[in-house]
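J.: Got a predicted model here, sequence first, then my questions.
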Amino acid sequence: MSRSIEYGNLMHDAMRGLIRQVLLDVAANGLPGNHHFFITFDTEHPDAELADWLSDRYPGEMTVVMQHWYDKLEVTDEGFSVTLNFGDAPEPMYIPYDAIRTFVDPSVEFGLKFEQQESADDDDAPLTQTDESELEVAEEAPKAAEIVSLDSFRK
């Protein structure tokens, strides 16, 4: 069997490192300007930690928003923990980087999309390289997204 360079895995590691660097800066200095994040992650990832009612309500996938109110952001090499507000109920959660499916900052039209492995049984299967059309989809997502402020729904 011949050895090959796994560009897809290397690219995903680099993108997760970018997310880590961004979150480290936000933890130290807060969100600058209009920056905010939509983070979609796998709620069934074995290392993800969130309230039972949230995982029941969002089986498989959940998108959280880090914008106006977040607390206790702690960033590690494997993931990050943060407390977010869900209808005046602060909830702590831990999101491993490898549970993240998309990371979008609509304020600057930046987005990352991580491909999912086809087989859950094959943990060693390499991730495939993102093709140009998927990168365009990730770049178009912030442009097409309608941003709704949750403040308008608060009492």
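T.: Everything's here; your move.
J.: A28 - how many residues pack around it?
T.: Per other C-beta atoms under 10 Å, the neighbour tally for A28 reads 9. C-beta coordinates here come from the backbone N, C-alpha and C atoms, glycine included.
J.: any idea whether it is helix, strand or coil?
T.: What DSSP: H, G, I helix; E, B strand; the rest coil gives for A28 is helix.
J.: Likewise for the one 4 residues further on?
T.: Reduced to three states with three-state DSSP, the structure at P32 is coil.
J.: and it, what does it touch?
T.: Neighbour list for P32: empty [criterion: C-beta atoms under 8 Å, 6 or more residues apart in numbering].
J.: Quick one, grab the pLDDT at it.
T.: In this model, P32 is scored at 92, pLDDT.
J.: And the one residue sitting closest to the centre of the chain, which helix or strand is it part of?
T.: Residue closest to the average C-alpha location in the chain (C-alpha atoms, centre = their mean): I39, at 3.4 Å. If you go by DSSP states H and E, I39 is part of strand 37-41.
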